[in-house]
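*Asks:* Kindly return the folded structure for what I paste below:
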Amino acid sequence: MFEEFKSLLVEQMNIDEADIKPEAELVADLGINSLELADLIFSCESKFDIEIDEEDYRKFVTVGDVVAYLENIQK
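*Replies:* Below is the predicted model of the structure:
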């Protein structure tokens, strides 16, 4: 799941692959703003055929947070 999410970050956010680590913070380390985060959430919903509640995605701080959420919801 990490690799799939990392691909989204590289392709859609133009983030350097070397910067994407589970502990990397979406805003502080990767520079993703709120609009970009909304686009990223939409892309995840489309790619993984899921729906992510606003309450849930407001808790996403790191890449690892998103990956853990996606892994948990895919079960």
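*Asks:* residues contacting the residue nearest the centre of the chain?
*Replies:* For the chain, the residue nearest the mean C-alpha position is Val66 (5.0 Å; Cα atoms, centre = their mean). Contacts were defined as Cβ atoms under 8 Å, 6 or more residues apart in numbering; by that measure Val66 touches Phe5, Leu26, Cys44, Phe60. (Glycine included, C-beta is placed from N, CA and C.)
*Asks:* Reformat those residues as TSV; add neighbour count and pLDDT.
*Replies:* Converted to TSV, the contacts of Val66 look like this (neighbours: other Cβ atoms under 10 Å; pLDDT from 0 to 100):
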residue	neighbour count	pLDDT
Phe5	23	95
Leu26	21	97
Cys44	21	94
Phe60	21	95
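*Asks:* what stretches of the protein score poorly on pLDDT?
*Replies:* 75 (pLDDT under 70).
*Asks:* just the helices in this structure please.
*Replies:* Here the chain has its helices, by DSSP state H, at 2-13, 34-48, 54-57, 63-73.
*Asks:* mind checking which of these is nearest Pro22?
*Replies:* helix 63-73 (3.6 Å; Cβ to Cβ).
*Asks:* buried ones in the closest one?
*Replies:* Neighbour counts using 16 or more other Cβ atoms under 10 Å place Val63, Gly64, Asp65, Val66, Val67, Tyr69, Leu70 of helix 63-73 among the buried residues.
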